[in-house]
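Asker: Turn this into a structure:
(chains A, B, C and D)
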Amino acid sequence: MKIHEYQAREILAKHGVPVPRAEVATSPAEARAVAERLGGSVVVKAQVLVGGRGKAGGVKLAAGPAEAEEIAGRILGMDLKGITVRRVLVAEAVNIQKELYLGVTIDRSRQAVVAMGSAEGGVEIEEVARTAPDKIIKVYAHPMLGFADFHARQLAYGMGLAPSFASDFTRIMRGLYNAMVATDASLVEINPLVIVDGKLLAIDSKILLDDNALYRHKDLEALRDLDEDDPYERAAREEGLNFVKLDGNIGCVVNGAGLAMATMDVVKLYGGDPANFLDIGGGARAESVAAALKIILSDPKVEAVLFNIFGGITRCDEVAKGIVAAQGQLERKVPMVVRLLGTNEEEARRILAEASLISATTMEEAAQKVVAQLKQG
Amino acid sequence: MKIHEYQAREILAKHGVPVPRAEVATSPAEARAVAERLGGSVVVKAQVLVGGRGKAGGVKLAAGPAEAEEIAGRILGMDLKGITVRRVLVAEAVNIQKELYLGVTIDRSRQAVVAMGSAEGGVEIEEVARTAPDKIIKVYAHPMLGFADFHARQLAYGMGLAPSFASDFTRIMRGLYNAMVATDASLVEINPLVIVDGKLLAIDSKILLDDNALYRHKDLEALRDLDEDDPYERAAREEGLNFVKLDGNIGCVVNGAGLAMATMDVVKLYGGDPANFLDIGGGARAESVAAALKIILSDPKVEAVLFNIFGGITRCDEVAKGIVAAQGQLERKVPMVVRLLGTNEEEARRILAEASLISATTMEEAAQKVVAQLKQG
Amino acid sequence: MSILIDNDTRLVVQGITGREGEFHARQMIAYGTKVVAGTNPVKGGQTVAGVPVFNMVKQAVAETGANTSIIYVPAFAAVDAILEAVDAGIKLVVCIAEGIPTLDMIEVVRFVKENGARLIGPNCPGLMTPGQCKVGIMPGHIAKPGKVGLVSRSGTLTYEVVKALSDLDLGQSTCVGIGGDPIIGTNFIDVLEMFQADPETEAIVMIGEIGGSDEEQAAEYIKKHVTKPMAGFIAGQTAPEGKRMGHAGAIISGGTGTAKEKIAAMTAAGVRMAESPPRVGAVMAEMLKG
Amino acid sequence: MSILIDNDTRLVVQGITGREGEFHARQMIAYGTKVVAGTNPVKGGQTVAGVPVFNMVKQAVAETGANTSIIYVPAFAAVDAILEAVDAGIKLVVCIAEGIPTLDMIEVVRFVKENGARLIGPNCPGLMTPGQCKVGIMPGHIAKPGKVGLVSRSGTLTYEVVKALSDLDLGQSTCVGIGGDPIIGTNFIDVLEMFQADPETEAIVMIGEIGGSDEEQAAEYIKKHVTKPMAGFIAGQTAPEGKRMGHAGAIISGGTGTAKEKIAAMTAAGVRMAESPPRVGAVMAEMLKG
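Answerer: Reported below is the predicted structural model:
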């Protein structure tokens, strides 16, 4: 789960990371008031959960309160990559001498927490990783010790920082790690971490939370910004479904994440365009299948649906019941191709006999048939 | 460092350990008021840092407020093993069905934190360890994981607890471990941990803190009860000296803990009786030597002093200067035997030439000479 | 022969008293797996599916000689269950649960390694040596005994491929679902090494998906150490960047972990990549023919 | 020969820029120890006592081939210094500092073992192979090269015994101060094993003190594995219960850890126990005479 910059900033500050003075504003007048309190120039930053805000015009410098108000007026309500800006962070502007990058994340191959630093801050670290990987210095946390002070110095000196920064850098790195552990984050990042008047300051903060750990962090779950969720994905999450919205016109209902991805791939392979990723999960009941179908068809772009079920724990008859139940309530009818295999598949076939569905034996056949339906139409 | 039961109790409660309702009282009237608030019978417990309070009459049951006041009146001001009782803890009396023991401490050989549990609670665990060691169940913490829930169940079932207690016991054990880590304790103990109405309750709590870690726990250092310290030891601690008061009449000033113990042993071997353990530490300065001498001689029982210095880091001339400086200010004169060896010993001899001291070459000779002085006197 | 599990496997089912635990215990017993014990932290003394239930894995090991464990407890209790099994001396632990926090898994895999044990999963369908032993939730009837080893990050996708192989009479030595989480106990390379060493495994199928770089690393390993014919498939060619595709580990981030890279790496390592899961069977059949 | 340190020891002094660090670096150099580098986290680039100073132990190892480290930093910084040395690949780390919290040491010793390194101390005087190398704070002039190995929990008490041995012309192979803390990197048994295996060590002196049960465990080990003549002393026969006698580890608690028990155990293991530290020399001389 992503959280906003202003939320990440507060978490880091609580863990001892120095951040510039700043406040959130939801109206131009508030932005003006914040700028007055801060004094001097300020930066007005759109608070949206998408990358590349700066390039898209969501981050602007204001010389004082009047300009802050004017800029906030322009940014608030702006559409940034499909998201409407509802909040800005108004932060004191500082005189940046150098921009660095510092982040902690999980190294899957090493099965360890890794801290990455780079003297090339302010740009996307993935870009640096691609073009100049040797400019990224890495140190790995020990699962018992976390990061020791010497790890921080290895990183700092590796990044070319002078010894005078070692102590501040150590505190910041410890802050990042502690914030990561305290929130079960999968990424805690400062980009840029800047040098201002011989001191380090975290100008922009980003935290990604581990969805699997949210059950033990009710306070963090509460930070979720429902405004920014895709409405289909939000509806699916409320039904306990693993759903990702895509741009195509063929809805997919599948059990299992790997098979769901493979089903999308096969649809594409035969010239179709999947409208979504959907894993109904192991042992799904009729109700969740029906809910899934409703969510998929609430997107007017969807013109056909493909069911691909390989029943292991999942019972095909439950899926069939869900399809029949949903069909009765649907406002619009689209062609549906069904491929059910495994546990209770014969019972499922009986249930579906009366429904007007196109059946298929293999997933390839199912994909071909659903694509063919659209070409006919 | 020892802390009081009522202090340990608060720490454990903060870490989720269930404790009986209780409050501290410093006067009989307060004890009555607490008993009134608690209702029913109460236990009045002397808060002193010595073991065996119960046997010494420092723990009494009172049927109600009036009796609580009367009993508190008797316990407050009482002398328990040399300590004057200044506070009592007034706790609700509970209907104990079974007494258990649970403690976490450090296993030096295994170099790990160990949790020890026994169905034989309420008595001294050392006694159980001596007489029936198989009645103590141990599980060891993993340095990375601490205690996992399964560790707690191993201990609980090993102690013969029923499964219905497993979940509470797990929470209590986690509380003990977390309290240990949070306070850098060397021992956290509940004795007895009791079963009351099918639930577990920590009746008496004990925490020993690691002196070496107090520097990072200013809040815990503040819990030190100066009233209960030996006044000589307190004075020595304030001078940064490692000092332990003993009952004899020969003061000892030594550099190094091992040599200080050995010096006491040799004094005893030759028929003397050491008045103290004192390690002036490596690299001690004249001032601390002088301070040490003053502390030792402020005990009227001390009739002679033995200096045993093997100078490595410690410079003999500094020690000699300290002796001379102190001698000038002392109110009473006792025979002093000095054995100085090592770094700058010749300079030391020059400094001490004019002081009226008895010198010795070996520690055995020094011990014999100091004992001889007392026999003469 | 086979890898990891066979007729000598003596299985303890952790969480046997739960709905899933009991259901799959019965399925595994029906398949022929020697399920010797079950555990539940507080329900020891019962009998479930004809199997004695203990409070502690230690007891189960002591009294039944269990040497393998399968865990059917919810994610929040799964970490403790894995640790308990390893502490009790179990050398092969299989964890089905999905949803274990990643930072917890870092500690778990460390503990497992320290103790010389092996963990399969979490978030995996378990494993199966057709005709001998099934540990997990794979549907047994789709598999046939044979000589193709299969390793996969996914569950139902594995079934799809197993069925495709069996339909072409390509039986399997062992099918291993290693799980879809970012941190897992056993990775592709571990299983490839075992298949390469297993004399009765003659060919290997590897099913990957987007996210991480396990497939790329496996490709490096294959290039150097695997001499047996290999077919493969990577799921998620149409997955968008930055979105978790169901599995916690299936996410393309910062442009890395794409199916394209993985397919290229595996192809370069000599693995014949299929265009769809069912085609894996045909590809493998061709390789074994020619 | 000798154990642990000798003419091949290449020493890095962590904390060389401090008062103690510089003083003892000079002392060690004067004794003949090959001090090749010093470190200070922020003062790299200086030269102290003729030795180059680095910011990181890693650099010191890379540029000077240091293989042993001695740590002269205050207790609050000592844990990090030990970890850094081990992480840098140093295989013998000696820590003088007194006052490291015990729970920290549990993690430290684990990390040291994981990395196949050896830690001497903390709260110890270091070690010395007379005539070759001195790593620590022992006064060099009291020792003589020879064939008696010495291991002790205490500092100045060790000097007393070394002097007693040298005065009787009983030179030492290596003198090891293992330290007075409850959790230490190297215990009596570790050192006894090395002395027993060292062909040039012909007899062993072991100096213990109250607290813990290391001496009792060493006695068990001696009974089974040590064939060389041994003399010993235990300090603290007159120490009261429940009081820390200077060393964090020197405390009798719950009636265990007394000098009496330790003396009895060592005597039973065949160690000749002396009544006082100076008498250790005479006892050893008698044993070696016949």
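
Asker: Excluding sequence neighbours, find me the nearest residue to the residue of the stretch 101-250 of chain C found nearest chain A.
Answerer: Residue nearest to chain A within the stretch 101-250 of chain C: C:S154 (2.3 Å; Cβ to the nearest Cβ). Every residue, glycine included, has its C-beta placed from N, CA and C. Using Cβ to Cβ, 6 or more residues apart in numbering or on different chains and skipping residues adjacent in sequence, the residue nearest C:S154 is A:G258, 2.3 Å away.

Asker: Only the buried residues of the strand or helix carrying A:K206, if you could.
Answerer: Following DSSP states H and E, one finds A:K206 within strand A:205-209. Residues of strand A:205-209 classed as buried by neighbour count (16 or more other Cβ atoms under 10 Å in any protein chain shown): A:S205, A:K206, A:I207, A:L208, A:L209.

Asker: What does the pLDDT read for the last one?
Answerer: Spelled out, it's A:L209. With respect to pLDDT, A:L209 scores 96.

Asker: And for the second one?
Answerer: According to the prediction, A:K206 has pLDDT 96.

Asker: Then the one 10 residues further on?
Answerer: Taken from the predicted model, the pLDDT recorded for A:R216 is 95.

Asker: Please tell me how far it sits from chain B.
Answerer: A:R216 is 14 Å from chain B, where distance means Cβ to the nearest Cβ, to the nearest Å.

Asker: next one: A:I309
Answerer: From A:I309 to chain B the distance is 37 Å (Cβ to the nearest Cβ).

Asker: what's the burial count for the residue of the stretch 101-250 of chain C found nearest chain D?
Answerer: Nearest to chain D, among the residues of the stretch 101-250 of chain C, is C:E114, at 8.7 Å (Cβ to the nearest Cβ). Using other Cβ atoms under 10 Å in any protein chain shown, C:E114 is surrounded by 12 other residues.

Asker: ditto for the one 5 residues further on
Answerer: Other residues lying near C:L119 total 27 when counted by other Cβ under 10 Å.

Asker: Quickly find the element holding the nearest residue to C:V151 once chain neighbours are set aside.
Answerer: Of all residues not flanking C:V151 in the chain, C:V191 sits nearest, at 4.2 Å (Cβ to Cβ, 6+ apart). Element membership for C:V191, per DSSP H and E: helix C:188-197.

Asker: Please identify the pairing partners of whichever helix or strand comes after that helix and their relative orientation?
Answerer: Following helix C:188-197 in sequence order, the next helix or strand is strand C:203-209 (DSSP H and E). Using DSSP bridges, the strands paired with strand C:203-209 are strand C:145-152 (parallel), strand C:230-235 (parallel).

Asker: thinking again about what came up before, do you know how far the residue of the stretch 101-250 of chain C closest to chain D is from chain B?
Answerer: C:E114 is 9 Å from chain B, by Cβ to the nearest Cβ.

Asker: Could I get the contacting residues of residue 5?
Answerer: No chain in the question, so chain A it is. Contact partners of A:E5, counting by Cβ atoms under 8 Å, 6 or more residues apart in numbering or on different chains, are A:K45, A:Q47, A:L89, A:D204, A:S205, A:K206.

Asker: ah, no, chain C please
Answerer: Per Cβ under 8 Å, 6+ apart, neighbours of C:I5: C:T68, C:L92, C:L127, C:M128, C:T129, C:Q132, C:C133, C:V135, C:T174.

Asker: okay, the residues you listed in CSV with pLDDT next?
Answerer: Listed next are those as CSV, based on pLDDT from 0 to 100:
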residue, pLDDT
C:T68, 98
C:L92, 98
C:L127, 97
C:M128, 97
C:T129, 97
C:Q132, 96
C:C133, 97
C:V135, 98
C:T174, 98
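
Asker: how about these in a markdown table, adding distance to A:A366, neighbour count and secondary structure?
Answerer: Below are the contacts of C:I5 laid out as a markdown table (distance: Cβ to Cβ, whole Å; neighbours: other Cβ atoms under 10 Å in any protein chain shown; DSSP: H, G, I helix; E, B strand; the rest coil):
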| residue | distance to A:A366 | neighbour count | secondary structure |
| --- | --- | --- | --- |
| C:T68 | 37 | 26 | strand |
| C:L92 | 37 | 21 | strand |
| C:L127 | 28 | 31 | strand |
| C:M128 | 26 | 31 | strand |
| C:T129 | 31 | 24 | strand |
| C:Q132 | 33 | 19 | coil |
| C:C133 | 33 | 23 | strand |
| C:V135 | 31 | 27 | strand |
| C:T174 | 29 | 27 | strand |
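
Asker: Return the member of the residues you listed nearest to A:R350.
Answerer: Using Cβ to Cβ, C:M128 comes nearest to A:R350 of the contacts of C:I5, at 29.6 Å.

Asker: That closest one and C:G149, how far apart?
Answerer: Separation of C:M128 from C:G149 (Cβ to Cβ, to the nearest Å): 11 Å.

Asker: Let me know the secondary structure of A:Y6.
Answerer: helix (DSSP: H, G, I helix; E, B strand; the rest coil).

Asker: quick revisit: how about the secondary structure of the residue nearest to C:S154?
Answerer: A:G258 is classified as helix under three-state DSSP.

Asker: and the residue nearest in space to the middle of chain C, what pLDDT?
Answerer: Nearest residue to the geometric centre of chain C (Cα atoms, centre = their mean): C:G177, 2.5 Å. Reading off the confidence values, C:G177 has pLDDT 97.

Asker: same thing with C:K224?
Answerer: The per-residue pLDDT of C:K224 was computed as 98.

Asker: which stretches of the stretch 51-200 of chain C form strands?
Answerer: Taking DSSP state E, counting those that start in this stretch, the strands of the stretch 51-200 of chain C run over residues C:51-54, C:68-71, C:92-95, C:118-120, C:126-129, C:133-136, C:145-152, C:172-177.

Asker: As JSON lines, the ones you listed with distance to A:E354 would be great.
Answerer: Below are the strands of the stretch 51-200 of chain C laid out as JSON lines (distance: least, Cβ to Cβ, whole Å):
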{"stretch": "strand C:51-54", "distance to A:E354": "43"}
{"stretch": "strand C:68-71", "distance to A:E354": "40"}
{"stretch": "strand C:92-95", "distance to A:E354": "42"}
{"stretch": "strand C:118-120", "distance to A:E354": "43"}
{"stretch": "strand C:126-129", "distance to A:E354": "37"}
{"stretch": "strand C:133-136", "distance to A:E354": "36"}
{"stretch": "strand C:145-152", "distance to A:E354": "37"}
{"stretch": "strand C:172-177", "distance to A:E354": "37"}
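
Asker: Among the ones you listed, which comes closest to C:G236?
Answerer: Per Cβ to Cβ, nearest to C:G236 of those: strand C:145-152, 13.2 Å.

Asker: now that closest one: how far from the chain's centre is it?
Answerer: 12 Å (Cα atoms, centre = their mean, to the nearest Å).

Asker: so who does the nearest residue to C:E209 once chain neighbours are set aside touch?
Answerer: Computed as Cβ to Cβ, 6+ apart, the closest residue to C:E209 that is not its neighbour in sequence is C:A235, at 4.2 Å. By Cβ under 8 Å, 6+ apart, the contact list for C:A235 reads A:258-259, A:261-262, A:265, C:154, C:157, C:207-210, C:259, C:277.
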